[in-house]
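> curious how this folds, go ahead:
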Amino acid sequence: MSNDASTANEARDSFRHFLAIPTRWKDNDIYGHVNNVVYYSYFDTAIMNYLMVEAQIDVLTGAVLPFTVESKCRYYQSLSFPEVVDAGLRVARLGNSSVRYEIGLFRQQQDQPAAAGYFVDVFVDRQTQKPVSMPQHVRSALERLVSQDDEAVP
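Numbering: from 1, shown residues only. As a prediction, the model looks like this:
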């Protein structure tokens, strides 16, 4: 996924962290499958769960927050209620104040994604909303998601 033209690196075993997300009845659209905008919600849920649980980001009162500045999703298979989606997460690029997460959404027991994409977050000061260096504890948590083929910038 680091190269948008390549799908070879989207298999389940290329992701470093997983979160099981149950689909909901309201996720389905009139066609009987999960609406495309909901896939972005699954991406966001996987990322924010990791940041809040593993990196201990306090989104309510913390001084530094992640703001999403870019996103993309590629759809390969339809998902529908009542499935449980395994959201795979990894970090493709870790900079001083920004991070590019890559996410794969998998049906349970399947190795190829139903959808895959990325989010780019920039860490900002809550008051000024200007980019700042990410806190060291956040960086340490994100470094655990960097795959060997990807990069962390000191």
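
> assign the most far-flung residue of the chain relative to its centre to helix, strand or coil.
Distance from the C-alpha centroid of the chain, by Cα atoms, centre = their mean, peaks at I30 (26.4 Å). Three-state assignment for I30 (DSSP: H, G, I helix; E, B strand; the rest coil): coil.

> pull the longest helix from the protein.
When the chain is parsed with DSSP state H, its longest helix is helix 36-53.

> can you tell me what sits against that helix?
If you take Cβ atoms under 8 Å, 6 or more residues apart in numbering as the criterion, helix 36-53 is touched by 17, 19, 21, 27, 57-59, 66, 68, 71, 73, 75, 79, 85, 87-89, 101, 103, 105, 115, 117, 119, 121, 138, 141, 145. Using the backbone N, CA and C atoms, a C-beta is placed for each residue, glycine as well.

> separate out the buried members of the residues you listed.
Among the contacts of helix 36-53, those classed as buried by 16 or more other Cβ atoms under 10 Å are 17, 19, 21, 27, 57, 66, 73, 75, 79, 85, 87-89, 101, 103, 105, 115, 117, 119, 121, 138, 141, 145.

> in helices, which of those residues fall?
138, 141.

> okay, and which of the buried ones among the contacts of helix 36-53 map to strands?
17, 19, 21, 66, 73, 75, 85, 87-89, 101, 103, 105, 115, 117, 119, 121 (DSSP state E).

> distance of S133 from R16?
Distance, S133 to R16, by Cβ to Cβ, to the nearest Å: 23 Å.

> right, I'll leave it there.
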